[in-house]
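Undergrad: build me a structure from this.
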Amino acid sequence: MIVKALRVGLGQLIIFIDFITRPGKKKRPADAQAQVDQTARSLTLYQFHACPFCVKTRRTLRRLNVPVALRDAKNNEQDRQTLLEQGGRIKVPCLRIEENGETTWMYESKVIIDYLDKRFSAV
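TA: Here you go, the predicted structure:
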């Protein structure tokens, strides 16, 4: 019970610190942002709200101004089941990438952040 209370309290602290230190969004010309928005429709991030690795990944999405759909794999049973059945395991963060009729499930925040930086920082 103490461990759970500590975990919840720490999670809330992580969310608060993220809120007060949130990075600004990347500025792009309207046509370039429209292209990023269109590309982002093929991405979905499965995450836990207070997971530090998920927070780190969401901060990158915000910094790069990439509006990705978020799925709550902790509190939403359907999202959790989709992650397990299609992604293969319940591990977050996980970026679902749909391209050319193929679906890729990318795990590990560092790998996801590297992918996002390479794909969206120059746009």
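
Undergrad: so which elements touch the helix or strand hosting Thr60?
TA: Taking DSSP states H and E as the criterion, Thr60 maps to helix 52-64. Secondary-structure packing of helix 52-64 (3 or more Cβ pairs under 8 Å, 6 or more residues apart in numbering; DSSP states H and E): helix 2-20, strand 43-47, helix 109-120. (C-beta placed from N, C-alpha, C; glycine too.)

Undergrad: residues in contact with the nearest residue to Phe48 once chain neighbours are set aside?
TA: Computed as Cβ to Cβ, 6 or more residues apart in numbering, the closest residue to Phe48 that is not its neighbour in sequence is Lys74, at 4.3 Å. Contacts for Lys74 (Cβ atoms under 8 Å, 6 or more residues apart in numbering) come out as Phe48, His49, Arg80, Val92.

Undergrad: burial count for the third one?
TA: The burial metric for Arg80, expressed as a neighbour count using other Cβ atoms under 10 Å, is 17.

Undergrad: on that earlier part again, any idea how far the residue nearest to Phe48 is from Val92?
TA: Computed with Cβ to Cβ, to the nearest Å, the distance linking Lys74 and Val92 is 8 Å.

Undergrad: what do those two both touch?
TA: Shared contacts of Lys74 and Val92, defined by Cβ under 8 Å, 6+ apart, comprise Phe48.

Undergrad: return the residues in contact with the residue nearest the centre of the chain.
TA: When Cα atoms, centre = their mean is applied to the chain, the residue found nearest the centroid is Leu45 (4.1 Å). The contact partners of Leu45, taken as Cβ under 8 Å, 6+ apart, are 54, 57-58, 61, 68-71, 93-96, 112.
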